[in-house]
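**Q** For reference, the sequence and a predicted model appear below.
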Amino acid sequence: MPNNKKVVTRFAPSPTGFMHVGGVRTALYAWAWARKNNGTFILRIEDTDKAREVEGSIPHIIESLKWLGINWDEGVDIGGEHAPYLQSERLDSYQKYAKILIEKGYAYTDPYTEEEVSAFRAQAELEKRAFLYREHRLETTEIWDGKKPLRFKVPEIKSYKWNDAVRGELTAGEEALDDFILIKSDGYPTYNFAHIIDDLEMGVTHVMRADEFIASTPKFLSLYEALDIVPPVFVTLPPILSPEGNKKLGKRDGAKDILEYKKEGYLPEAMFNFLAFLGWNPGGEQEIMSPMEIVEHFSLEHIHSSGAMLNEEKLLWMNKEHMKKKSYEEQLVGIKPYMTEYSDEILERLVPTIIDRINFYGELHTIKDIEFGFFIKRPQIERERVLFKDDGVDVASNNLENVKNILKDIDFSSADIIKQAIMPYAEKEGKGNVLWPLRMTLSGQEKSVDPFTICFVLGKEESIIRIDEMLKKLDS
RNA sequence: GGCCCUAUCGUCUAUCGGUUAGGACAUCGGCUUUUCAUGCCGGUAAGCGGAGUUCGACUCUCCGUAGGGUCACCA
C-alpha cells in the first residue's frame, strides 16, 4: 500500500449477458480485498455499448453476486455517495473531462469515417503490422460537435514501464500507444475513457482485472498523465483456461453461467472457495475455507501470474467438503427441494446417507430414484433373489422370521441400535445368510445402503410389513 | 506480423538460492463394509530446453521453445 488511503475497489461488468466464472472471480477478488481492508466495494455497470447490451443482465449480475455472498457498499441498485453507478447516466462527467482534454490539446475530432479507419486497419493487417491510428493522424481544427468520435491525442509516444501488484514491473513498447476513441459518435464514451473517469470520481484505489488488459494499460497511463491523475494500483488477474485446452475460458468455450451452478445445487461457499483458489493461494495446506477465512487470508502477493484450467472435478470435491461441514438442519434444507416426493419423516432419517452419496444437491435428480427409490416404493422382488448363495429357502425365511422378531421388540431411534440388536444373531447364523436376505427384502437391491439404516429410515412398521410380505412369498 | 504476459506431478498448487521438491483433485492398491457409498492407510506421478551468475539454482539473468493475450466507434 503506497499510502493509507481507504481501499476502494469496484466490479464493473458490462450488461452483455450472464456472468461466468471469470467475471465472478474478478468480482470476488475485488470484494475480498475491500473487505480485508475494511474498504469500500462498488458495483458499477458499464453500459456504454448499447448494441451489445442484453436485457435482464443487470438483475442477473446482481443475483449472481448475491448468491455468492458478495455484497457492495455502493452500486446501481442501492445508490451511494458517487451515484449514479450506471455509466449511461454519467455522460455529463465524461463530457466534462472530454472538454478538459480538448482544451489541453489532448483530444480532437476524428476526421475520418468509420470506413476509412477500417481501410487503414485492413491495410495494416495485410502488412502484418500492428494497426496504429496515430500514423494516420491529420492536423484538424474541426470543432468537436459530438457527432463524430472524439479521439485522444497521445501526448508523448514512448515506452511505458509500470508496476503491477501481482506481476511486478510490466513494460510495453510504443506500439501499445495510440489515439484511441474517447467518445463514440453515439455520444457514449469508450471503456478506455469512461472507466478512468469513474474510477477517479469514485476514488477507486485498486483496479482488479484480467490480464487481457495489460496490453491496453499504456493507453490508460497516457490518459492518466494527460489528466494529471495519479493512477490506482493495478492488480492483474491470471486467465482462467478452458478444461480442454489452453484457451482462455470464455462464453464461447463453454464457460457456464454462474447461476447454472446455483440451479444444480452447488453451495455458494463452495463455489466461492473454488473460484478464490483458482488464481490465488494463501500458501498453507488448508484448501477448504469459508468466505470469511478467505477474506482473512487474502493478499495481493499471493495472486498468481499464470493461468489455471477450470477443473470441475475439484469443484465437486470441494462442494462435498462444504456440504459435510453443514449442520444436519442445513443439509436437510438443502436436500429437500430435490426430494419433494419423500415425506419429511423419511427424509429426516435419510439425510446422512444422502450426503454420503452426492457431491452436490442437483445430483439427486439423476440418482434418487435408483439409489433411494425403494424407500418410498415397496420393491417387487422374486423370492429367488432373496436366497443367499445356495443356502435355500428355509435359511432365508427362517432368518427373516427371527430378525422380524428381534425388530418387533426394539427401539428404532437409530440405525446403530438396530445394528446392535441384529448383529449378534447375524454373527451366529452367518452374516451373509441374515443380512443379504434382509437387505434384498427391504430394498430389492444387491448394492444399497446397509440394512440397519434401511430399517431405521423405513421405520418399524414398514420394515415389518416388507418382511411379512416376503415371508408370504417364500412360503408359497 | 508488432508489442506484451506466462512456464513445478494429468489438473490446481507449496517452495520466495541449500528440501528425500510438500499438499490437494484425479488415478491405482490396501483396510473397514454381506454389497454400494462414506471413512482410513499407502503407491505411481513434476521443475520445457540451453547458456550464464553462484560454493550451490525449480528459484536470479539471457537466449530459445511452447502456450496465452492484445493490436475495435467491445469491454
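**A** It's in. Numbers count the residues shown, from 1 in each chain, chains lettered A, B, ... in the order given.
**Q** Please make it C-alpha for all contacts and neighbour counts, starting now.
**A** Fine.
**Q** how about the residue of the stretch 201-350 of chain A found nearest RNA strand B, phi and psi?
**A** As assessed by C-alpha to the nearest atom of the strand, RNA strand B sits closest to residue A:212 within the stretch 201-350 of chain A, at 3.0 Å. In terms of degrees, to the nearest 10, the main-chain angles of residue A:212 are phi -70, psi -10.
**Q** for residue A:187, same thing?
**A** The phi/psi pair for residue A:187 (degrees, to the nearest 10) is phi 90, psi -10.
**Q** next one: residue A:242
**A** phi -70, psi 150.
**Q** Verify the stated contact: it with residue A:249.
**A** Yes: between residue A:242 and residue A:249 there is a contact under C-alpha atoms under 8 Å: 4.5 Å.
**Q** how about the nearest residue to residue A:237 once chain neighbours are set aside, what does it touch?
**A** Spatially, and ignoring its direct neighbours in sequence, residue A:237 is nearest to residue A:210 (4.5 Å; C-alpha to C-alpha, 6 or more residues apart in numbering). By C-alpha atoms under 8 Å, 6 or more residues apart in numbering, residue A:210 lies in contact with A:26, A:236, A:237, A:238, A:239.
**Q** in the helix or strand where residue A:442 lies, what's buried?
**A** Residue A:442 is part of helix A:431-443, with elements assigned from DSSP states H and E. By 16 or more other C-alpha atoms under 10 Å, the buried positions in helix A:431-443 come out as A:433, A:434, A:435, A:436, A:437, A:438, A:439, A:440, A:441, A:442, A:443.
**Q** With stretch A:97-111 instead?
**A** Residues of stretch A:97-111 classed as buried by neighbour count (16+ other C-alpha under 10 Å): A:97, A:98, A:101, A:102, A:106, A:107, A:108, A:109, A:110, A:111.
**Q** Kindly indicate which of the residues you listed lies nearest residue A:412.
**A** residue A:97 (75.9 Å; C-alpha to C-alpha).
**Q** Grab the nearest non-local neighbour of the closest one.
**A** Nearest in space to residue A:97, with sequence neighbours left out and distances taken as C-alpha to C-alpha, 6+ apart, is residue A:197 at 7.6 Å.
**Q** same for the helix holding residue A:442, what does it pack against?
**A** With contacts taken as 3 or more C-alpha pairs under 8 Å, 6 or more residues apart in numbering; DSSP states H and E, helix A:431-443 sits against helix A:373-376, helix A:392-408, helix A:415-429, helix A:451-458, helix A:460-475.
**Q** And the first one, how far out from the chain middle?
**A** To tie it back to what came earlier, the one meant is helix A:373-376. From the chain centre to the centre of helix A:373-376 is a distance of 34 Å (C-alpha atoms, centre = their mean, to the nearest Å).
**Q** Could you check that helix against RNA strand B for contacts?
**A** No: Helix A:373-376 lies out of reach of RNA strand B by C-alpha under 7 Å from any atom of the strand, never closer than 13.4 Å.
**Q** Tell me which residues of the helix or strand of chain A with the lowest mean pLDDT come out buried.
**A** One helix or strand of chain A scores below all others by mean pLDDT, DSSP states H and E: helix A:392-408, with a mean of 85. Neighbour-count burial for helix A:392-408, counted by 16+ other C-alpha under 10 Å, picks out A:393, A:395, A:396, A:397, A:399, A:400, A:401, A:403, A:404, A:407.
**Q** Please verify my assumption that residue A:177 contacts residue A:154.
**A** Yes: look at residue A:177 against residue A:154 with C-alpha under 8 Å: they come within range, at 7.2 Å.
**Q** okay, and the common contacts of these two?
**A** Residues touching both residue A:177 and residue A:154 (C-alpha under 8 Å, 6+ apart): residue A:222.
**Q** Could you tell me the phi and psi values at the residue lying closest to residue A:247 once chain neighbours are set aside?
**A** With C-alpha to C-alpha, 6+ apart as the criterion, residue A:247 has its nearest non-adjacent residue at 5.4 Å, and that residue is residue A:241. Main-chain dihedrals, residue A:241, degrees, to the nearest 10: phi -90, psi 150.
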